[in-house]
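1. Generate a structure from the sequence data that follows.
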Amino acid sequence: MAAPRILVIEDDEDVARLERLVLERAGYDVRHAATGAEGLDLAESFRPDVVILDVGLPDISGLDVCTSLSNSNNAFVLMVSGHSREQDVLLGLGLGADDYVTKPFSGNELVARVASFLRRRERLLNRKEGEAQLEFGDTRLDRNFHTLVRDGKSVALTALEFRLLWFLAEAEGRLLTRAQILEHVWNDTSGVPTRVVDVHVAALRKKISEVDAPLELSSVRGIGYRLDKK
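-> Numbers count the residues shown, from 1 in each chain. Got it, this is the predicted structure:
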């Protein structure tokens, strides 16, 4: 079976070398481009599964590269930047990035983000319309009973909690904004206060802990939430 393909678009040679090293050690087929133009060309021929994209490239803005990738490639895009301002994150996500990480970050975090993208891709490939269960190793969401189940333990979820957790689980590893969550789960982006999302996330965290599920609901202040597998 071919190793997943990862494209690193990064002009800082030291950062690129570190990223390539940790990703190759994790078993991935990694290519590197130092400019946006080179990255777009390589994306066409290499057909990566995941692109690690630096925002500050010397020739083309990483944001423009992200737009081009979103229009022509099915790869997941993880944007990398030295800035963590809310508007920068929202702009990157709005242009098609699947997640956003700020420098400095650890090699373990990078590998974990890539692994979650690949698990998500596998679920999407195997997904059946109207499927009744969504599994994370020994943990599963059961649509028929609106329960979260692990190792013989189960906890009941409200209809909203279930829709919220299912939405986050399908996008495992991807940062979802509160607006995206409100639109998908509540079908509303104007009449429902964003605080409602925070309240339901807090309730979900308690129920996840009740069955000792190896799931972590991470918050990004001012932006939204991401579900990660521990």
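
2. can you give me the offset of stretch 165-180 from its chain's centre?
-> In terms of Cα atoms, centre = their mean, to the nearest Å, the centre of stretch 165-180 is found 8 Å from the chain centre.

3. For it, measure first residue to last.
-> 13 Å (Cα to Cα, to the nearest Å).

4. Repeat that for stretch 181-200.
-> 11 Å.

5. Need the pLDDT of the most far-flung residue of the chain relative to its centre.
-> For the chain, the residue at maximal distance from the C-alpha centroid (Cα atoms, centre = their mean) is G152, at 28.6 Å. Note for G152: predicted pLDDT of 87.

6. how much space between it and R121?
-> With distances taken as Cβ to Cβ, to the nearest Å, G152 is found 30 Å from R121. Using the backbone N, CA and C atoms, a C-beta is placed for each residue, glycine as well.

7. now swap in T177 and tell me
-> In terms of Cβ to Cβ, T177 sits 21 Å off from R121.

8. more crowded one of these two?
-> Taking other Cβ atoms under 10 Å, T177 and R121 do not tie; T177 has more neighbours (19 against 16).

9. Skipping adjacent residues, who's closest to that one in space?
-> Closest residue to T177 apart from its sequence neighbours, by Cβ to Cβ, 6 or more residues apart in numbering: G224 at 4.2 Å.

10. Could you double-check that that neighbour lies in contact with A171?
-> No. Using Cβ atoms under 8 Å, G224 is not in contact with A171; the gap is 10.6 Å.

11. ok, residues contacting the helix-or-strand element of the chain with minimal mean pLDDT?
-> Within the chain, confidence by mean pLDDT, DSSP states H and E is lowest for helix 86-94 among all helices and strands, at a mean of 74. Applying Cβ atoms under 8 Å, 6 or more residues apart in numbering, the contact partners of helix 86-94 are 55, 63, 66, 79, 81, 100, 175, 177, 220, 222-223.

12. out of these, who's nearest R205?
-> Distance to R205, by Cβ to Cβ, is smallest for V220 among the contacts of helix 86-94, at 15.1 Å.

13. Output the below-cut-off pLDDT ranges for this protein.
-> Where the chain drops to pLDDT under 70, the residues are 84-86, 124-131, 188-192.

14. rewinding a little: settle it for me: which of G224 and A171 has more neighbours?
-> G224 (25 against 21).

15. dump the residue contacts of the more buried one.
-> With Cβ under 8 Å, 6+ apart, G224 has these contacts: 175-181, 197.

16. Now the buried members of those.
-> Neighbour counting by 16 or more other Cβ atoms under 10 Å classes 175-181, 197 among the contacts of G224 as buried.

17. The residues you listed in helices, which ones?
-> 178-181, 197 (DSSP state H).

18. ok, and the closest non-adjacent residue to the most centrally placed residue in the chain?
-> For the chain, the residue nearest the mean C-alpha position is R174 (1.9 Å; Cα atoms, centre = their mean). Excluding the flanking residues, the one nearest R174 by Cβ to Cβ, 6+ apart is D98, at 4.8 Å.
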